[in-house]
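Peer 1: Structure, please.
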Amino acid sequence: MTQLRIFIGDTNRNGRLGIEMLIDNEPGFQVVGIAVQTDGLISQVKASHPDIVLVDWQMVKSSPVRLFKDIHVVESQPQIIVMDVRAETRQLAISCGADAYFCKDKPGDQLVPLLRQFK
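Peer 2: Numbering: from 1, shown residues only. Model (predicted):
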């Protein structure tokens, strides 16, 4: 079975750990990298070759357009899923270049079907 390689970017430790545990316990998924800040994010993504970059909006909101463009041109051409607690962030994130959006107010197990759409 091919593993879906996921990179997590989130400044919130508890959020990061929860997502990592959810993904690690799901067959067919593998966490390949974690970032806690935008500094060095692109080089970490390049080194880990993810299929998906799952990133918190609060971490990237100061320069999302440039960051998303830089992520999309990485060799593995990962998809970007933005996470945030505000549903109104969805349209802004998509307009900045994100491929999908996940509202953190939803139960974590609802993230899994979204991730599977990219398999």
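
Peer 1: what helices or strands is the longest helix seen in the chain leaning on?
Peer 2: Criterion DSSP state H: the longest helix present in the chain is helix 13-24. Secondary-structure packing of helix 13-24 (3 or more C-beta pairs under 8 Å, 6 or more residues apart in numbering; DSSP states H and E): strand 4-9, strand 29-35, helix 111-116. Every residue, glycine included, has its C-beta placed from N, CA and C.

Peer 1: What are the buried residues along the longest one?
Peer 2: Which is strand 29-35. Buried positions in strand 29-35, judged by neighbour count with 16 or more other C-beta atoms under 10 Å: 29, 31, 32, 33, 34, 35.

Peer 1: Name the nearest of those relative to residue 17.
Peer 2: residue 34 (9.5 Å; C-beta to C-beta).

Peer 1: ok, the residue nearest the centre of the chain - contacts?
Peer 2: Closest residue to the average C-alpha location of the chain: residue 54 at 0.6 Å, with C-alpha atoms, centre = their mean. Residues counted as contacts of residue 54 (C-beta atoms under 8 Å, 6 or more residues apart in numbering) are 6, 7, 8, 9, 10, 19, 81, 83, 102, 115.

Peer 1: A helix includes it, no?
Peer 2: No. Under DSSP: H, G, I helix; E, B strand; the rest coil, residue 54 sits outside any helix and is assigned strand.

Peer 1: residue ranges with poor pLDDT in this protein?
Peer 2: 1 (pLDDT under 70).

Peer 1: count of neighbours near residue 117?
Peer 2: A count of neighbours around residue 117, defined by other C-beta atoms under 10 Å, yields 11.

Peer 1: any idea how far the residue nearest to it when sequence neighbours are not counted lies from residue 46?
Peer 2: Distances taken as C-beta to C-beta, 6 or more residues apart in numbering place residue 100 nearest to residue 117, at 7.5 Å, with adjacent residues excluded. Taking C-beta to C-beta, to the nearest Å as the measure, residue 100 falls 21 Å from residue 46.
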